[in-house]
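A.B. asks: heads up, no residue letters with this:
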């Protein structure tokens, strides 16, 4: 990776507070790392390891060490002092409230010395001397994270690597039936230039609402047609007490066709075949109240040996993160709960956060930190920042003025209007309010006339042509699985009424409501099968006559129409584009989207590559492809077919310009810090291979720069004082804020940029890191170039938070998900009446079948008539 070429100087200088806190420790500190080895290994898996280590800490041999050690409850331990070697502790496995059991499993835990961690080495790395760049800071960082998080891991619930929640004393917010949100804190050690810091941020996560499983099932039964969804209960942990102590189990399946009365198994102890109901009545004297009206659950991972439990003896374990993908309603509620102003978040971090994470000096909570000689400054770090100037926006006629990174388009004409050849309207009729009465409805005619007038006044040619109006009455969703009947009706309507040889420029689809199947189904039908551009309108918004709402809605729709027609909505002034136009340049965006928790196992990942086609950097056609989500177990995020996709983008560029670009700039989205080296190892060679293949005779070697765009970080900024010139009305930092000192990489060429205006909640900047640079860009050029490019997003009249090339790649990936909607977003929730999850071989065969099914649905991908357009916008 390139060294930082220097720091930026452009813009108005200022200072900001940030959620990084100085960590102090002895400069000559030495810590000791040990491997935790638990045997027998086969029985020491999952949650059981955590309990084993709790028992070890209570053992007389080990108890004297507990104050000066920190461990991950699984495999790794760090100590402030040397532990005796060999160190071996044997324990008998008992649950917290379990009396002595003569049949209890016995485990031996060995602590094996691995290495000394000399903190002076970390200080050398943080010195900024390029001679020390090769030092790997990761062993030090991960060890210090164990120490810093020791109190939080004992007192709270860990979710993922570095997030902690404290259910007993934190605010809850119900998201939906059975799911609530908790507020917690992220915490991670970060080595900075000459200063070790800890990054602390507010975070939110969904949790199951604890309580009786049967009662939860009954609540679902009253609220939803199908009862508790299989996806909701999958991998849910439940607690039972019928054995005389609290036992934790994991649900592998709701047995929807089996009740405690109908489910039977062979039980030698009770003399033969018995029902689950009889078993609990005879063995545990439990009379089940829901033996006939609720399904049982299977808690076995072995398909040949199911373990059936009645729901009413199961308690949903408290403090248990919900692993499923949030639906739109849950997501909306989560955003409302999480959308707090910067001041609220800042106060929560330095108040509640420090307290709950055990970072305040004194007391039992910080005893481990004290043993390691570590303390944390309670004041936020203050870092230098700058506010970059915005570009000038130009239209073909009319002027705009940028305010707070946005502008309006009243009385302006688009920079270059597209041309409507012919067009069509599809009325999707579902007997809802807001719908038109049919193709001849006078209100529809007036509506379309207004829309056409807006198109014409915006500069789109051919907007005087009347459309062909089609109407389709959809069958009721009841009994229409995945709305297959409805989508077939739409298919027949379009195929029967449109001329294949004279396709319309676009179809305006008028929808009267939201549906999980109709919108993605139409996109798949038109993008892949028919090769026709589509524009969707929600009639509840499009027919809103209050004030100028309809005019604003039409203006936003027309931005999409024009781009799909090949037009240009707006441009930037030449000086803002010079960093790209001084040489023939192609800007690429790359992203990959993966199956969600609700996707069927075996569902593919979808990769997207978009690229500019000329010196205006407005049109970004896309290549989309499927890849197995585990095609490369070491680097799943990497794009498998990047060479082919790059060739496709280069071919379109050459077709438009008559030559290949001299320079290629890649914005790579969706790659974490730990994967930067994989971009260089896996993807850069694929891009370079495309150069050789597209020009096999004459050497083609364009210069390449690759910048990774990171949104999933926890760096946040606050103005240093109220009323600061760098503060917006809601307390956020102003658009154009850039930070490249204080909390950025010691050696890396990176910066945090907030191009957009943070209207709600606490604004999050994008973290850009240059991982490869043939072009030797200076900091100001790249920072201001990325900033001004953020004003070129085609479907908005404002700067966006993510540079458009990367944003487009993300949107294209999501469009690809629409084509595989039933697999990717709406996995079938039907459970089998058989036992638990299938065996490994069966699982792998099923995953392969699902992937092959996805490949058949995908077909050849985007229709040839759309491959050179921004069909996905």
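C.D. replies: Nice, thanks for sending it over. It should be emphasised that the depicted structure is a prediction, and the values quoted were computed from it without experimental measurement.

A.B. asks: list phi and psi for the spatially closest residue to residue 711 that is not a sequence neighbour.
C.D. replies: The shortest distance from residue 711 to any residue that is not its chain neighbour, by C-beta to C-beta, 6 or more residues apart in numbering, is 5.9 Å, and that residue is residue 766. All C-beta atoms are positioned from the backbone trio N, CA, C, and that covers glycine. Phi and psi for residue 766, reported as degrees, to the nearest 10, are phi -100, psi 140.

A.B. asks: who touches residue 766 in this structure?
C.D. replies: Residues touching residue 766, when contacts are defined by C-beta atoms under 8 Å, 6 or more residues apart in numbering, comprise 709, 710, 711, 752, 753, 754, 755, 801, 802, 803.

A.B. asks: now list the buried members of those residues.
C.D. replies: Taking 16 or more other C-beta atoms under 10 Å as the criterion, what is buried in the contacts of residue 766 is 709, 710, 752, 753, 754, 755, 801, 802, 803.

A.B. asks: that older thread, now for the contacts of residue 766, which pair is the farthest apart?
C.D. replies: 710 and 755 (14.3 Å; C-beta to C-beta).

A.B. asks: buried ones in stretch 37-57?
C.D. replies: Applying a neighbour-count criterion of 16+ other C-beta under 10 Å, the buried positions in stretch 37-57 are 38, 44, 49, 51, 52, 53, 55, 56, 57.

A.B. asks: which residues does that stretch contact?
C.D. replies: Identification of contacts with stretch 37-57 by C-beta under 8 Å, 6+ apart yields 36, 62-63, 66, 71, 73-74, 89, 91-96, 105, 107-112, 237, 248.

A.B. asks: what strand or helix carries residue 36?
C.D. replies: Taking DSSP states H and E as the criterion, residue 36 maps to strand 30-39.

A.B. asks: what about residue 404, how many residues nearby?
C.D. replies: By the measure other C-beta atoms under 10 Å, the count of residues near residue 404 is 16.

A.B. asks: so how many other residues sit close to the closest residue to it other than its chain neighbours?
C.D. replies: Residue nearest to residue 404 in three dimensions, not counting chain neighbours: residue 757, with 4.5 Å by C-beta to C-beta, 6+ apart. The number of residues packed around residue 757, counting by other C-beta under 10 Å, is 20.

A.B. asks: quick check, residue 757 in a strand?
C.D. replies: No. Residue 757 sits outside any strand when classified using DSSP: H, G, I helix; E, B strand; the rest coil, being coil.

A.B. asks: relative to residue 800, how far out is it?
C.D. replies: Spatial separation of residue 757 from residue 800 under the definition C-beta to C-beta, to the nearest Å is 10 Å.

A.B. asks: residue ranges of the strands in the stretch 51-200 of the chain, please?
C.D. replies: Listed in chain order, the strands found in the stretch 51-200 of the chain under DSSP state E, counting those that start in this stretch are 69-71, 76-79, 87-92, 106-118, 157-159, 163-165, 172-176, 179-192, 195-208.

A.B. asks: quick one, what contacts the residue positioned nearest the centre of the chain?
C.D. replies: Centrality entry for the chain: nearest residue to the mean C-alpha point is residue 712, 7.8 Å, by C-alpha atoms, centre = their mean. The neighbourhood of residue 712, defined by C-beta under 8 Å, 6+ apart, consists of residue 672.

A.B. asks: what of the one 4 residues further on?
C.D. replies: Contacts were defined as C-beta under 8 Å, 6+ apart; by that measure residue 716 touches 18, 19, 201, 342, 345, 762, 764.

A.B. asks: so which of the residues you listed belong to helices?
C.D. replies: Using DSSP state H to define helices, the subset of the contacts of residue 716 located there is 342, 345.

A.B. asks: so can I have CSV of the contacts of residue 716 showing distance to residue 331?
C.D. replies: Formatted as CSV, the entries for these read as follows, by distance: C-beta to C-beta, whole Å:
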residue, distance to residue 331
18, 28
19, 24
201, 20
342, 22
345, 20
762, 18
764, 17
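
A.B. asks: closest one to residue 285 out of the contacts of residue 716, please.
C.D. replies: Distance ranking of the contacts of residue 716 against residue 285, using C-beta to C-beta, places residue 201 first at 50.7 Å.

A.B. asks: wait, that closest one sits on residue 20?
C.D. replies: No. Residue 201 is not in contact with residue 20 according to C-beta atoms under 8 Å; the separation is 9.8 Å.

A.B. asks: just name the shakiest helix or strand of this protein by mean pLDDT.
C.D. replies: Every helix and strand of the chain was ranked by mean pLDDT, DSSP states H and E. The lowest is helix 821-824, at a mean of 84.

A.B. asks: dihedrals phi and psi, residue 728?
C.D. replies: Backbone torsions for residue 728, taken as degrees, to the nearest 10, come to phi -90, psi 180.

A.B. asks: change the start of the numbering to 48 and stick with it
C.D. replies: Understood, numbering begins at 48; the last thing we discussed is residue 775.

A.B. asks: my read is that it contacts residue 783, right?
C.D. replies: No. Shown here, residue 775 and residue 783 do not form a contact pair, counting by C-beta under 8 Å, at 11.6 Å.

A.B. asks: looking at these two, which one has more neighbours?
C.D. replies: residue 783 (24 against 17).

A.B. asks: on that earlier part again, need the buried residues of stretch 84-104 in TSV (columns: distance to residue 221 and pLDDT).
C.D. replies: What follows is the buried residues of stretch 84-104, written out as TSV (distance: C-beta to C-beta, whole Å; pLDDT from 0 to 100):
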residue	distance to residue 221	pLDDT
85	39	97
91	37	93
96	33	94
98	31	95
99	35	97
100	34	96
102	36	96
103	38	97
104	36	96
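
A.B. asks: most remote residue from this structure's center?
C.D. replies: residue 318 (53.1 Å).

A.B. asks: so how far is residue 621 from it?
C.D. replies: Shown here: residue 318 relative to residue 621, a distance of 90 Å by C-beta to C-beta.

A.B. asks: do residue 762 as well
C.D. replies: For residue 762, the distance to residue 621 (C-beta to C-beta) stands at 33 Å.

A.B. asks: when those two are compared, which one has more neighbours?
C.D. replies: More crowded of residue 762 and residue 621, by other C-beta under 10 Å: residue 762, with 19 against 10.

A.B. asks: need the pLDDT of the residue nearest to residue 758.
C.D. replies: Model confidence at residue 813, expressed as pLDDT, equals 98.

A.B. asks: that one and residue 829, how far apart?
C.D. replies: 13 Å.

A.B. asks: I figured residue 864 hits residue 653, correct?
C.D. replies: Yes. Here residue 864 reaches residue 653: they are 6.3 Å apart, a contact under C-beta under 8 Å.

A.B. asks: and the longest helix for the protein?
C.D. replies: In the chain, assigned by DSSP H, the helix with the most residues is helix 887-905.
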